[in-house]
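A.B. asks: Requesting a structural model of the entry that follows:
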Amino acid sequence: MEDGVVLTMRGISMTFPGVKALDNVDFTLRKGEIHALMGENGAGKSTLIKCLTGINDFEAGEIHVDGVEGPVKNHSTSDAQKVGVSTVYQEVNLCPNLSVAENLYIGREPLTPMHTIDRRAMNRKAKELTERLKINVDVTQNLENYSLAIQQMIAIARAVDMECKVLILDEPTSSLDDSEVEKLFGMMRDLKAQGVGIIFVTHFLEQVYAVCDRITVLRNGQLVGEYPIAELPRVKLVAAMMGKDFDDLAEIKPEGFEAHADAPVVIDAKGLSHKGTIKPFDLVLHKGEVIGLTGLLGSGRSELARTIYGADKAQTGTLKVKGEEVKISHPIGAIHLGMGLLPDDRKAEGIIGDLSVRENIILALQARQGMFKQMSRAKQEELADKYIDILQIKTASKETPVSQLSGGNQQKVILARWLATDPDFLILDEPTRGIDVGTKTEIQKLIIQLAGEGKSIMFISSEIEEMLRTCNRMAVLRDGAKVGELDGDLTQERVMAAIAGGADNG
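C.D. replies: So this is what the prediction gives:
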């Protein structure tokens, strides 16, 4: 192995039934390097990582890790950890009801001469480790008392303490706010300085350019190339991922896409609230309008949407839908009123993984019709085929279990489910989170198209830039309260100022 290289993967190939997931892929990671692994959903990033960490059994190729003689073939994540390869996932897989120290040393606790757990030694070692990595915690406190960002750092600290040479961070920032991301980046830079090689998987382009040294791009299971960060501007990175020249930052709003103050009112909320999550708010939404909900994580964006939809029952205020006052106690009531909600957690609240793409698409429409009016199989297949085509859902078949699709395609299936009901009002909560640049732009264009067809859209996103590209108007939230609205000339500066400083109704 070359000097300064900690990991090489050469000629890695793997086939899933009917799909060549990886085709002769090479990857090189150097010591003390943060290396972005980029590509659209379905490009092969996760599969390559699973081949490295022993989850997938690849068919051809070799893996070499610094300090290990001969090719490495891991058969489990514990095998991978033994050769110094550790992974920290987007969903932290630690035990929130145990202390920080217990999480750091679970399965490898220091023992007393009597072979009981030496808690004093464990807490001391945990304190030394967290101080060395600049994580400001009380190691005796339960992990659940700390933010998701701190929990991510504890998971990383555990990996580092197990003498990891290669640290894989798989979408670690998707649920973090900007200050938490910066803390995580600080830790990554410290580990880089200590010689750890870091593979960073993310969909946030700006984060790649903020923290990475090199980029490897995959497309359709093949290696597109490896590039020093300075030699790959953003537009070229997107083109490499997409396989075509494609300006992600292009303006996609059509001419005349302005606020619809004179259009019929679809949603009129006055004084709606839900105890403990969202304070009383007023909100009016017109036909053909896209309103964005903006604010920091925890500001109440999702909670406001859920209160309108009836997923969280409103405890004060009134709601009118198309001029008629309604009480929505459950989401099925909202569906009957022509509403749809694409939730932010597609795995927990969106897809039903064991059901097919077809079954997931017809779910809401069937629920609205009722269990005694079963939709014919022919009608189900017609709808599934229609929306697979319209949304360009990449699936082997409409009968494929939806759990086998990439994240972006799962998101499209949930979107298809609601489009099949022909809703008047659609709530899209983080519809582009964790999906590739190409699908993200497709969904943004679809939002504008749906608004052009007269549908009213509520759009929630952590990325201000994509809301500026798609929204007519924005409601600003902070600490569970709606603090202002913005329309007219929407700019990033105005939105940031409103989030930081309260209402700006200009």
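
A.B. asks: Please make it C-alpha for all contacts and neighbour counts, starting now.
C.D. replies: Will do.

A.B. asks: What are the contacting residues of stretch 72-88?
C.D. replies: By C-alpha atoms under 8 Å, 6 or more residues apart in numbering, the list of residues contacting stretch 72-88 from outside reads 51-57, 62-65, 68, 152, 155-156, 159, 162-170, 172.

A.B. asks: List the buried residues in that stretch.
C.D. replies: 72-74, 76-77, 79-81, 83-88 (16 or more other C-alpha atoms under 10 Å).

A.B. asks: Likewise for stretch 97-105?
C.D. replies: L98, S99, V100, A101, E102, N103, L104, Y105.

A.B. asks: Tell me if I am right that the fourth one is in a helix.
C.D. replies: Yes. Looking at A101 with DSSP: H, G, I helix; E, B strand; the rest coil, it is inside a helix.

A.B. asks: The helix or strand where H35 lies: what's the following helix or strand?
C.D. replies: Per DSSP states H and E, H35 falls inside strand 34-38. Sequence order places helix 45-53 as the next helix or strand after strand 34-38, per DSSP H and E.

A.B. asks: so that following helix versus strand 34-38, what angle?
C.D. replies: 130 degrees (axes from the mean of the first three to the mean of the last three C-alpha atoms, to 10 degrees).

A.B. asks: can you list contacts of helix 45-53?
C.D. replies: By C-alpha under 8 Å, 6+ apart, helix 45-53 touches 12, 21-22, 37-39, 56-58, 63, 73-77, 79-80, 85-87, 201, 218.

A.B. asks: Now that helix: buried residues?
C.D. replies: K45, S46, T47, L48, I49, K50, C51, L52, T53.

A.B. asks: re earlier: could you dump the buried residues of stretch 72-88 to a markdown table with distance to T8, secondary structure and pLDDT?
C.D. replies: A markdown table is the format used below for the buried residues of stretch 72-88 (distance: C-alpha to C-alpha, whole Å; DSSP: H, G, I helix; E, B strand; the rest coil; pLDDT from 0 to 100):
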| residue | distance to T8 | secondary structure | pLDDT |
| --- | --- | --- | --- |
| V72 | 10 | coil | 91 |
| K73 | 13 | coil | 89 |
| N74 | 14 | coil | 90 |
| S76 | 19 | coil | 90 |
| T77 | 18 | helix | 87 |
| D79 | 17 | helix | 91 |
| A80 | 14 | helix | 91 |
| Q81 | 16 | helix | 88 |
| V83 | 13 | coil | 93 |
| G84 | 13 | coil | 92 |
| V85 | 12 | strand | 94 |
| S86 | 15 | strand | 90 |
| T87 | 17 | strand | 89 |
| V88 | 20 | strand | 85 |
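
A.B. asks: Which single one of those is nearest to E466?
C.D. replies: V88 (27.6 Å; C-alpha to C-alpha).

A.B. asks: Test of understanding: give the bridge partners of the closest one.
C.D. replies: L169 (DSSP bridges).

A.B. asks: ok, now how distant is Q141 from K455?
C.D. replies: Counting by C-alpha to C-alpha, to the nearest Å, the gap from Q141 to K455 is 49 Å.

A.B. asks: who's more crowded, the two?
C.D. replies: Neighbours per residue (other C-alpha atoms under 10 Å) separate Q141 from K455, with K455 holding more: 21 against 15.

A.B. asks: so can I have CSV of the buried residues of stretch 97-105 showing pLDDT and distance to R433?
C.D. replies: As requested, the buried residues of stretch 97-105 are exported to CSV (pLDDT from 0 to 100; distance: C-alpha to C-alpha, whole Å):
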residue, pLDDT, distance to R433
L98, 92, 30
S99, 93, 30
V100, 94, 29
A101, 94, 32
E102, 93, 32
N103, 92, 28
L104, 92, 29
Y105, 91, 32
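
A.B. asks: can you put those residues in TSV and add distance to R358?
C.D. replies: Supplementary listing: these in TSV, determined by distance: C-alpha to C-alpha, whole Å:
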residue	distance to R358
L98	41
S99	44
V100	44
A101	46
E102	44
N103	41
L104	43
Y105	45
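
A.B. asks: Nearest to G370, out of those residues: which one, please.
C.D. replies: Nearest to G370, judged by C-alpha to C-alpha, of the buried residues of stretch 97-105 is L98 at 44.2 Å.

A.B. asks: For the stretch 101-250 of the chain, which residues score under the pLDDT cut-off?
C.D. replies: Counting by pLDDT under 70, the stretch 101-250 of the chain has low-confidence residues at 175, 242-250.

A.B. asks: Using the record's assignment, carve this structure into domains.
C.D. replies: Recorded structural domains for the chain (assignment: automatic domain parsing) are 5-97+142-242, 265-501.

A.B. asks: Lowest average pLDDT across the ones you listed?
C.D. replies: Lowest mean pLDDT of the domains of the chain: domain 265-501, a mean of 85.

A.B. asks: just to revisit the earlier point, contact partners of the strand holding H35?
C.D. replies: If you take C-alpha under 8 Å, 6+ apart as the criterion, strand 34-38 is touched by 29, 45, 188, 192, 197-203, 208, 211-218, 241.

A.B. asks: please redo it, this time with the cut-off set to 7 Å
C.D. replies: Under the criterion C-alpha atoms under 7 Å, 6 or more residues apart in numbering, residues 29, 45, 192, 197-201, 208, 212-218 lie in contact with strand 34-38.

A.B. asks: Same question for stretch 402-420.
C.D. replies: Stretch 402-420 is contacted from outside by 41-42, 340, 342, 346, 350-351, 353-357, 360-365, 387, 391, 393-395, 431, 435-436, 439, using C-alpha under 7 Å, 6+ apart.

A.B. asks: Show only the entries of those found in strands.
C.D. replies: Among the contacts of stretch 402-420, the members falling in strands (DSSP state E) are G340, L342.

A.B. asks: Any quick PyMOL command for the buried ones out of the contacts of stretch 402-420?
C.D. replies: In PyMOL syntax, the buried subset of the contacts of stretch 402-420 is picked out as below (16+ other C-alpha under 10 Å):
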select buried, resi 41+42+340+342+346+350+351+353+356+357+360+361+362+363+364+365+387+391+393+394+395+431+435+436+439
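
A.B. asks: circling back to that earlier point, among the domains of the chain, which comes closest to E109?
C.D. replies: It is, among the domains of the chain and with distance given as C-alpha to C-alpha, domain 5-97+142-242, at 12.1 Å.

A.B. asks: Surely A475 and L490 touch.
C.D. replies: No. Assessed by C-alpha atoms under 7 Å, A475 is found out of contact with L490, at 11.6 Å.
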